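>>> sequence plus predicted model, see below.
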Amino acid sequence: MDVEQIRRHPRVSAGSCVVSYSDRQVVIYDHKKTKNQADDDPRIDGHCYLRQLNEELTPFDFTVRNPRGQVFHFVAVDKCMFLDSERKQRRCDCLVFTDKTALFIDLKENNSVSGRKKGCREAITQICASIEWFLAENLLADREEVEAIVANGTRRRHPRFTANNIEKTAELQAIFPNLNVRYGELPFYEL
C-alpha cells in the first residue's frame, strides 16, 4: 500500500484518518462514549484511536509492537472514512500497514464464548467489505500481503491453530484469491 496514495483519497483526507508512526509500541482502542465524557472531548463513539502514554489500558485494546522502530501507518476506517449514515455496509475498525503488509483489524468487546463466535463472524464480514473497498479503489494491490485480525475479547496468548482458523483463512482466500491472506485472533501484532 502506498501511504501517499491513501492520504490523497477523498475519504481519507477529508477526515484526517491516516497517521504515521515509528513508535516501538502503540495501543489501539475503539472509543466508547461514556456518560461522564466532557463536552469538549473530540473523541467520537466507535472511532479508533491510539492510547496516550498516561491512559489506562483495557483488556479489549489491540497492541502493535514495533521492536525495530520502522515506520507504519494507522488508518481509522469506521467513523472516519465511513460514517454512520453509510451503514448499509459496515467496515472494519481500522487498518495498520507498512510497505510489506496490511492489517485489517476489527475490535470486538466480547467476554462470552458465544459473543466471541458471533463477533468473529461479524468482524470477518466487515473486514471482507473493507478489503473489497480498498481493492476497488486501487489502494490495495493484488499480491499484497494482508492479514485479517479480529481482536475479540480478552485473549492474552497466541491462539492454537484450530480448525476454525483454517476455515476462516480458506474463506478469505476464496474471496480474495490473489492476496496472501492470513487470519489472526490476537490482542497484539508484532511488525
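Sure, I can see it.
>>> now the lengthiest helix in the chain: average pLDDT?
Assignment by DSSP state H gives helix 113-136 as the longest helix of the chain. For helix 113-136, mean pLDDT rounds to 79.
>>> counting by contacts, list what the next helix or strand after it packs against.
For helix 113-136, the following helix or strand on the C-terminal side (DSSP states H and E) is strand 145-152. Contacts defined by 3 or more Cβ pairs under 8 Å, 6 or more residues apart in numbering; DSSP states H and E place strand 145-152 against strand 101-108, helix 113-136, strand 180-184. Bear in mind the C-beta positions are built from the backbone N, C-alpha and C, glycine included.
>>> returning to what we had before: neighbouring contacts of the longest helix of the chain?
The contact list for helix 113-136 (Cβ atoms under 8 Å, 6 or more residues apart in numbering) reads 1, 77, 89-93, 95, 102, 104-106, 108, 110, 140, 142, 146, 148, 150, 152-153, 168, 171-172, 175-176, 179, 185.
>>> stretch 4-17 too?
Residues outside stretch 4-17 that contact it (Cβ under 8 Å, 6+ apart) are 18, 73, 75-77, 80-82, 137-139.
>>> just send those back as CSV, with secondary structure, neighbour count and distance to residue 121 too.
Output for those, formatted as CSV (DSSP: H, G, I helix; E, B strand; the rest coil; neighbours: other Cβ atoms under 10 Å; distance: Cβ to Cβ, whole Å):
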residue, secondary structure, neighbour count, distance to residue 121
18, strand, 20, 28
73, strand, 18, 28
75, strand, 26, 23
76, strand, 25, 23
77, coil, 27, 19
80, coil, 23, 24
81, coil, 23, 23
82, strand, 21, 20
137, coil, 14, 25
138, coil, 10, 29
139, coil, 20, 26
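>>> looking at the residues you listed, which is nearest residue 27?
Residue 27 lies nearest to residue 76 out of those, by Cβ to Cβ, at 14.3 Å.
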